[in-house]
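Participant: The following comprises the amino acid sequence and a computationally predicted model.
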Amino acid sequence: MADKKYNVGVIGYGMSAKVFHIPLIQVTPNFTLHSIVQRTPKPNDDASKDHPEAKIYNSADALIADPSLDIIVVTTTPDTHFSFTKAALEAGKHVIVEKPFVPTAAEAQSLISISQKTGKLICVYQNRRWDSDFLTVKKLIKEGTIGRVVEFNTFFDRYKPVRPESWKGTLGMDNAGGVVYDLGTHLLDQAYVLFGLPKSVTGFFANQRGDGAEEPDSVTIVLGYGKEGPLVTAKAGVLSVEVEQLRFWVRGSEGSFRKNRLDVQEDQLKAGLKPGHEGFGVEEADASGTLTVLKDGEPVKSILANVQPETYASLYSGFSKAIEGGGEAAVPVKASEARDVLRIIEAAKESAKSGKTVEL
């Protein structure tokens, strides 16, 4: 079984497919890039030229119906994720779905039920679980280096004064568009990995650009974990003028950790590097975080480099192990976990609309 090769088909040929998924398929030993859906190739954007070894379809339905496929990767806009994932599962394929998973927790639960019925697995592409800075934070918390966590602040701030013309700026929240589903999904998923479902959610949505759009472009979401748990703040803004954006600020009973800059893997993938290349996932030394701990009752600061990168390839290799026999328990990002994050997002939307904290 371990020597079996799995044929993978990719629906969509935008940045998600080109940068995040196809390179990871190519470095997963028992995965083969079999086919791609590209509806309208252009002279400078042609999947058949970029990947002559792959079969090119112009419709998702045709690819899904291909009996030689084992796995389908859904990289299209979020409003299509439910229908494509449902069709793929019912066609007997395992599925990797780009985040955000689907627009609602109810749709997520529906797909979980179909997955259980068909025996085919779903993995949601929450790649930032394998950001090296997040893994560093995770290690600090697990080892108790900063004591009991009292505040966890996670940021995805940028300076982007013009609303994007992609789905991220045009698709409404009802269809899983906008900042809360695009970036908020990453921030809330990381908080969920560390602390589980919160007891309460308070959301603040804003249009920082002031461009008259109805949909928010910036969010602050506060998660409460009760009297003994941490207070978590997840923030994504678009008018943050900084030389270096703050990424994490974690405060504990015995220390704190601050980290600037985003993980380097996305930029490296855009530049054509892949996991396995020398230096992949390794950031420059001057990007290291700052750890402050108590020694003899006084705060002492030191530079703390990230842990050794595990890289985004870990998601694909983990899913490979799951379909080889590990089953649902081995899926690296389970649909049930993505459903729970959608519950947090739905609570944040309700809170922002009502002006009240929502209990989960």
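Facilitator: Done, it's in.
Participant: Now do the helices in the stretch 201-350 of the chain.
Facilitator: Along the stretch 201-350 of the chain, counting by DSSP state H, counting those that start in this stretch, helices occupy 265-270, 313-321, 335-354.
Participant: Using JSON lines, lay out the ones you listed together with mean neighbour count and distance to Phe82.
Facilitator: In short, each C-beta sits where N, CA and C put it, glycine included. JSON lines is the format used below for those (neighbours: other CB atoms under 10 Å; distance: least, CB to CB, whole Å):
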{"stretch": "helix 265-270", "mean neighbour count": "18", "distance to Phe82": "26"}
{"stretch": "helix 313-321", "mean neighbour count": "21", "distance to Phe82": "20"}
{"stretch": "helix 335-354", "mean neighbour count": "21", "distance to Phe82": "12"}
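Participant: could I get the ones you listed as a markdown table with mean pLDDT?
Facilitator: Output for the helices of the stretch 201-350 of the chain, formatted as a markdown table (pLDDT from 0 to 100):
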| stretch | mean pLDDT |
| --- | --- |
| helix 265-270 | 98 |
| helix 313-321 | 98 |
| helix 335-354 | 98 |
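Participant: wait, which of those is closest to Gly229?
Facilitator: Closest approach to Gly229 among the helices of the stretch 201-350 of the chain is made by helix 335-354 (14.4 Å; CB to CB).
Participant: What is that closest one packed up against?
Facilitator: In terms of contacts (3 or more CB pairs under 8 Å, 6 or more residues apart in numbering; DSSP states H and E), helix 335-354 is packed against helix 105-118, strand 122-125, helix 179-182, helix 184-195, strand 200-206, strand 218-224, strand 358-359.
Participant: Most tightly packed of those?
Facilitator: Compared across those, strand 122-125 shows the largest average neighbour count, a mean of 26 (mean count of other CB atoms under 10 Å).
Participant: Tell me which helix or strand comes right after that one.
Facilitator: Per DSSP states H and E, the first helix or strand lying C-terminal to strand 122-125 is helix 132-143.
Participant: Now Asp45: closest residue in space, sequence neighbours ignored.
Facilitator: With CB to CB, 6 or more residues apart in numbering as the criterion, Asp45 has its nearest non-adjacent residue at 7.6 Å, and that residue is Tyr13.
Participant: which ones are touching the one you found?
Facilitator: For Tyr13, the contact set (CB atoms under 8 Å, 6 or more residues apart in numbering) comprises Ile36, Val37, Gln38, Asp45, Ala47, Thr75.
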